[in-house]
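K.L.:
Any chance you can model this:
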Amino acid sequence: MTLGRSFPKPKKWGCCHLKIELCGEDRLRITLNQADLEQLSISFEELDYGRMETRRIIWELLDEANRRTGFDSSKGKLLIEAMPLLDGGCVLYFTILPREYDQKNRPKKLHLRRLGGPYVYEFQGADELMSVCSRLSREYPDAIPKSTVYQMDHSYRLVIYTREDTCKTCAPLLSEYGSPAGEGSAAAAFAAEHGKMLAEGDAVSQIGRHLS
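P.N.:
Numbering: from 1, shown residues only. From the prediction side, this is the model:
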C-alpha cells in the first residue's frame with residue numbers, strides 16, 4: 001500500500017493499551033488488543049485499506065508511532081501486514097520497502113495484507129527445528145513475518161502466520177523436517193498452554209540469523 005498525504009490528519013490517539021515497537025530502521029510493529037479494536041469500532045476481519053475508516057485508523061497509528069519512536073513512513077512505499085491474535089486483538093507490521101522495489105515489475109499500489117493461520121508444525125528434535133528455520137530464512141526470507149517456537153515435553157512446535165498460498169509453498173520444506181500439528185487459534189493456543197516459549201515475533205528469522 002502506498003500512503004499519500006491526501007487524507008485528513010487523524011484525531012489524537014486515545015487507546016491506552018497501544019504497544020508500538022521498532023523492529024529496525026524501516027520496520028514497525030503495533031499491537032492492538034481487543035479493547036483497542038473495540039474502541040476503534042473495527043475488527044481484524046474489517047481491516048481493508050479500501051475503507052475510509054481503515055485509512056483513518058492507519059494514519060492515526062502512524063502519527064502516534066512517529067511521535068513515540070520517530071518512525072518516518074514517508075521515506076518510501078509502505079507494506080502493511082495484519083495478523084490476528086488469540087485474545088481478539090491483532091498485530092500490524094509496517095515495512096518501508098527498499099528503493100529497488102520500484103525497479104521490479106510489481107503494482108505501484110500495495111494493499112493491506114491480512115496474514116492467515118496460524119499454522120503449527122511439530123519437530124522431534126532441535127536439529128530438525130534449526131535446519132528448517134535456517135532453510136526458510138535462506139530460501140523464503142520474507143515468507144513468514146510472524147512465528148513462535150515452543151518446546152513441548154518431547155518435541156518442538158513452530159507456529160507460523162503467513163498467507164495460505166505462501167504456507168502451501170513452504171509446506172514441502174516444513175514437512176521434510178517435521179509434520180503438521182494443527183491449524184487455527186486452538187492449535188496455537190495448545191502449544192502456548194502446554195509448551196515453553198523459546199522465541200517469538202520472528203522466531204524463524206532469529207534462528208536463521210543465528211545459524212548463518
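K.L.:
least trustworthy helix or strand in this protein by mean pLDDT?
P.N.:
strand 113-114 (a mean of 72; mean pLDDT, DSSP states H and E).
K.L.:
who's in contact with that one?
P.N.:
Contacts to strand 113-114, defined as C-beta atoms under 8 Å, 6 or more residues apart in numbering, come from residues 44, 47, 79-84, 163. C-beta coordinates here come from the backbone N, C-alpha and C atoms, glycine included.
K.L.:
Select from these the one having the most neighbours.
P.N.:
When neighbours are taken as other C-beta atoms under 10 Å, the top entry among the contacts of strand 113-114 is residue 80 (24 neighbours).
K.L.:
Contact partners for that residue?
P.N.:
1, 49, 58, 92-95, 110, 112-113.
K.L.:
Apply 7 Å and report the result again.
P.N.:
The contact partners of residue 80, by C-beta atoms under 7 Å, 6 or more residues apart in numbering, come to 1, 58, 92, 94, 112-113.
K.L.:
are any of those buried, and which?
P.N.:
Neighbour counting with 16 or more other C-beta atoms under 10 Å marks 58, 92, 94, 112-113 as buried within the contacts of residue 80.
K.L.:
want to try TSV for these, with distance to residue 137 as columns?
P.N.:
Listed next are those as TSV, based on distance: C-beta to C-beta, whole Å:
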residue	distance to residue 137
58	29
92	23
94	21
112	25
113	20
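K.L.:
on that earlier part again, and which of the contacts of strand 113-114 is nearest residue 65?
P.N.:
Distance to residue 65, by C-beta to C-beta, is smallest for residue 80 among the contacts of strand 113-114, at 12.1 Å.
K.L.:
what about that closest one, which helix or strand?
P.N.:
strand 78-84 (DSSP states H and E).
K.L.:
any idea how the protein splits into domains?
P.N.:
Domains of the chain are assigned by automatic domain parsing as 19-114, 116-211.
K.L.:
Out of those domains, which is the most enclosed?
P.N.:
The highest mean neighbour count among the domains of the chain, using mean count of other C-beta atoms under 10 Å, belongs to domain 116-211: a mean of 18.
K.L.:
Report the beta-bridge partners for residue 122.
P.N.:
Following DSSP bridges, residue 122 is listed with bridge partners residue 157, residue 179.
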